[in-house]
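[1] build the 3D model from these lines:
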Amino acid sequence: EHPMTLNQLVKAMKKAEELGILSIVCADSVNEAKAVAMLKPDIIVCEPTELIGTGKTSDEKYMSSTNESIKV
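    Just a heads-up that it's a prediction; the model follows:
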């Protein structure tokens, strides 16, 4: 809902860590999920932007490809 720049995301994650708050980061593509994973958030939600807030979810293929790309 409120996209952040990379700089804003890094600052927000550092602040969350300082405060002992879990970080949940959304990624809207496999490549973005891989980049976000490098920041080591507690949770990554991988969902194309067009599906966020619609009540619809990604198909199994999207979810498995995202998970596999992050595990590597």
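[2] what about the helices in the chain?
    Under the criterion DSSP state H, the chain contains helices at 6-19, 30-37, 60-71.
[3] looking at these, which one is packed in the most?
    helix 30-37 (a mean of 16; mean count of other C-beta atoms under 10 Å). For every residue, glycine as well, the C-beta is placed using N, CA and C.
[4] just want the angle from it to helix 6-19.
    If you take axes from the mean of the first three to the mean of the last three C-alpha atoms, to 10 degrees, helix 30-37 sits at 40 degrees to helix 6-19.
[5] chain center to helix 30-37, what's the gap?
    7 Å (C-alpha atoms, centre = their mean, to the nearest Å).
[6] show me what the spatially most central residue of the chain is bridged to.
    By C-alpha atoms, centre = their mean, the chain has its centre lying nearest to Cys26, at 3.0 Å. Note on Cys26: beta-bridge partners by DSSP bridges are Val45.
[7] which ones are touching it?
    Ile44, Val45, Cys46, Glu47, Ile52 (C-beta atoms under 8 Å, 6 or more residues apart in numbering).
[8] again with Ile44
    With C-beta under 8 Å, 6+ apart as the criterion, the residues that contact Ile44 are Ile24, Val25, Cys26, Ala27, Ala33, Val36, Ala37, Ile70.
[9] out of those, flag the one nearest to Met13.
    Val25 (7.5 Å; C-beta to C-beta).
[10] roughly how far apart are that closest one and Pro3?
    In this structure, Val25 and Pro3 are 11 Å apart, going by C-beta to C-beta, to the nearest Å.
[11] what sits against Val25?
    Counting by C-beta under 8 Å, 6+ apart, the residues that Val25 touches are Leu9, Met13, Val36, Leu39, Pro41, Ile43, Ile44, Val45.
[12] averaged over its residues, which helix or strand of the protein has the lowest pLDDT?
    Least confident helix or strand, the chain: helix 60-71 with a mean of 86, by mean pLDDT, DSSP states H and E.
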